[in-house]
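*Asks:* when you get a sec, could you give me coordinates for this:
(one chain, ligands or ions: 1)
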Amino acid sequence: MKHQAKKRFGQNFLTDQAIIQSLITAIHPNTEDLMVEIGPGLGAMTQPLIRHLDHLHVVEIDRDIIQWMQGFYPAGKITIHNSDVLKFDFGLIGPRIRVVGNLPYNISSPILFKLLENTAQIIDMHFMLQKEVVERMVAQPSTPEYGRLSVMLQYRLQMEYLITVPPEAFDPAPKVESAFVRCIPYETLPYPATDEALFAKVVTAAFGQRRKTLRNTLKGLLDDAGFTALGINPQLRAENLGVAEFVDISNFIAAAS
Ligand code: SAM
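*Replies:* From the prediction side, this is the model:
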C-alpha cells in the first residue's frame, strides 16, 4: 500500500528481509501461540508471523493502516484492535500471551512500564527498540547505562540483547541504531519486594539525582542506622546497587514502618 510514514506515530517500517527473518527466527512462533503484535504497520513482521501462527492479534493506532489491513489479511487469520496500545487491555487476548513488536520509539518506555504491570499474563516479549534503550534495559550496576529502567525491568524480567539493527534496515531510516531484545518474566521473583510501590519509590528517589550519594537521595527514607543494619555504604550512589540491594532497602523500610 502507498503510505506516507507518520512521524507522530513513530513509523519506521522494517524493509530488510534478512533482518526480518532473523527476528522471526528469534521469536520462534509456534502455531498455537496466543500472540499479540504491537504496531503491525504495513506488516513487515505480521506477514511472516501469520505464516507460522493459526491466529495473531494486532494493536494499531493508525486508522489508515487499520483500513488497509482489513482488506489485506485473510479473514479469521488476525484480530485487529484499533487502539492506542497504552490504553489497550491485554487481558482481552487471553490468560497466557506472547507479545512482539517493532515499537514506536517515542513511547517505548511507557509501553514497557505498562507491560510490566501485566507480566503475570505474559510468557515472553520480543521488541525492537532504540539500541540505547535496550542497552539501558540490560545494563549491569556501575556502568553509565545502568539506571531506573534497568532496575525496574530487571526486577521482573530476564532480558537478552539479541540483535543490533542498523538504520538502513528501515524506511524511513531512524536517526539511531536499533536492537532486538527478548524479555521473559520470572515465574518466581528472585528478590521479591514486600511493598512494590515502596520499592519503586526507593529506586526513583535513588536515581533522581544519580550523582548524589544514597545518604542524600534516600534522606527521609533511610537513616545511617538503617544503612549500617543493611551493610550498605551510604556514600555509594544508586548506580552501584543491584536489584537485590534495592529490594533489601525497601523491605527494611517496609518492616520498620
Ligand atoms: N511493525 C511495523 C514494521 O516493523 O515495519 C511498524 C513498526 S513502526 C516502528 C511502529 C508502529 O506502531 C506503527 O505502525 C505505528 O502506527 C504504531 N503505533 C504508534 N503508536 C502507537 C500506539 N500508541 N498504539 C498502537 N500502535 C501505535
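
*Asks:* give me every residue that touches the residue nearest to the spatial centre of the chain.
*Replies:* By CA atoms, centre = their mean, the mean C-alpha position of the chain lies nearest to Leu112, the distance being 3.4 Å. By CB atoms under 8 Å, 6 or more residues apart in numbering, the residues touching Leu112 are 127, 137, 149, 153. All C-beta atoms are positioned from the backbone trio N, CA, C, and that covers glycine.

*Asks:* what does Gly10 give?
*Replies:* The contact partners of Gly10, by CB under 8 Å, 6+ apart, come to 39, 103-107.

*Asks:* now, which of those lie close to the ligand?
*Replies:* 39, 104, 107 (CB under 6 Å from any ligand atom).

*Asks:* if you rank those by neighbours, which is first?
*Replies:* Ranked by the number of neighbours (other CB atoms under 10 Å), the ones next to the ligand among the contacts of Gly10 place Gly39 first, at 24 neighbours.

*Asks:* secondary structure and pLDDT added to the ones next to the ligand among the contacts of Gly10, as TSV?
*Replies:* Output for those, formatted as TSV (DSSP: H, G, I helix; E, B strand; the rest coil; pLDDT from 0 to 100):
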residue	secondary structure	pLDDT
Gly39	coil	98
Pro104	coil	96
Ile107	helix	96
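
*Asks:* now those as a markdown table including distance to Val59?
*Replies:* A markdown table is the format used below for the ones next to the ligand among the contacts of Gly10 (distance: CB to CB, whole Å):
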| residue | distance to Val59 |
| --- | --- |
| Gly39 | 7 |
| Pro104 | 11 |
| Ile107 | 12 |
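
*Asks:* closest to the ligand among the residues you listed?
*Replies:* Gly39 (2.2 Å; CB to the nearest ligand atom).

*Asks:* the closest one contacts Val100, doesn't it?
*Replies:* No. Using CB atoms under 8 Å, Gly39 is not in contact with Val100, being 9.9 Å away.

*Asks:* mind listing what's buried along stretch 220-227?
*Replies:* Buried residues in stretch 220-227, counted by 16 or more other CB atoms under 10 Å: 221-222, 226-227.

*Asks:* next one, pLDDT for Pro74 please.
*Replies:* At Pro74, the model reports a pLDDT of 90.

*Asks:* any idea how far Leu236 is from Glu135?
*Replies:* Glu135 sits 22 Å away from Leu236, going by CB to CB, to the nearest Å.

*Asks:* how near is Leu241 to Val202?
*Replies:* Separation of Leu241 from Val202 (CB to CB) stands at 10 Å.

*Asks:* need the residues of the stretch 101-250 of the chain near the ligand, please.
*Replies:* 102, 104, 107.

*Asks:* contact partners for the last one?
*Replies:* Under the criterion of CB under 8 Å, 6+ apart, the contact partners of Ile107 comprise 10, 85-86.

*Asks:* tell me the one of those residues nearest Glu168?
*Replies:* Nearest to Glu168 out of the contacts of Ile107 is Gly10 (CB to CB; 17.8 Å).

*Asks:* so which bits of stretch 189-197 are buried?
*Replies:* Neighbour-count burial for stretch 189-197, counted by 16+ other CB under 10 Å, picks out 191, 193.
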